[in-house]
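**Student:** 3D, please:
(one chain, ligands or ions: 1)
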Amino acid sequence: MISLTVGQFCSIFLIFFLSLFSILWLRSYCKFKYFHTQQNKDILRLFQKCKVCNFEYINREGTIFSHCPICGSINKKGGEDDN
Ligand SMILES: [Zn+2]
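**Tutor:** Model (predicted):
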């Protein structure tokens with residue numbers, strides 16, 4: 001049988017649980033970061049600028065054409081450079 005002193009047992013216990021909790025924390029943190037970056041990307045993709053009044057608004061429906069909430073003109077999705 002393997003003989004362990006109290007000090008050795010405590011150190012093994014501490015190392016095991018600290019590594020377990022740090023791994024769990026890192027995983028949750030990475031998931032949190034990933035979720036937030038995805039959410040920011042989605043919001044940035046939905047941002048749209050009106051061509052008539054230059055008002056920036058969020059096209060929540062994600063449709064190709066959207067109405068400006070200020071002047072009501074129809075803007076094309078992502079159409080910044082076309083005529
Ligand atoms: Zn407008």
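**Student:** please tell me the pLDDT value assigned to the spatially most central residue of the chain.
**Tutor:** Geometric centre of the chain, nearest residue: His36, 1.6 Å, by Cα atoms, centre = their mean. Here the pLDDT value assigned to His36 is 81.
**Student:** name the helix or strand for it, please.
**Tutor:** Per DSSP states H and E, His36 falls inside helix 6-46.
**Student:** ok, then the element right after that helix?
**Tutor:** Note on helix 6-46: by DSSP H and E, the next helix or strand toward the C-terminus is strand 47-49.
**Student:** which neighbouring elements make contact with that following strand?
**Tutor:** strand 56-58 (3 or more Cβ pairs under 8 Å, 6 or more residues apart in numbering; DSSP states H and E). The C-beta positions use only the backbone N, C-alpha and C, and glycine is treated the same way.
**Student:** could you give me the average pLDDT of whatever helix or strand comes next after the strand it packs on?
**Tutor:** Using DSSP H and E, the helix or strand that follows strand 56-58 in sequence is strand 65-67. Per-residue pLDDT over strand 65-67 has a mean of 89.
**Student:** strand 65-67 and the ion in contact?
**Tutor:** No: in terms of Cβ under 5 Å from the ion, no part of strand 65-67 sits within range of the ion; the closest distance is 8.6 Å.
**Student:** quick one: strands adjacent to that strand?
**Tutor:** Take DSSP bridges as the rule and strand 65-67 pairs in its sheet with strand 74-76 (antiparallel).
**Student:** kindly report the residues of the chain close to the ion.
**Tutor:** Cys50, Val52, Cys53, Phe55, Cys68, Ile70, Cys71.
**Student:** with neighbour count as extra columns, can I get the residues you listed in a markdown table?
**Tutor:** Listed next are the residues of the chain next to the ion as a markdown table, based on neighbours: other Cβ atoms under 10 Å:
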| residue | neighbour count |
| --- | --- |
| Cys50 | 19 |
| Val52 | 12 |
| Cys53 | 12 |
| Phe55 | 15 |
| Cys68 | 20 |
| Ile70 | 12 |
| Cys71 | 11 |
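**Student:** all set now, cheers.
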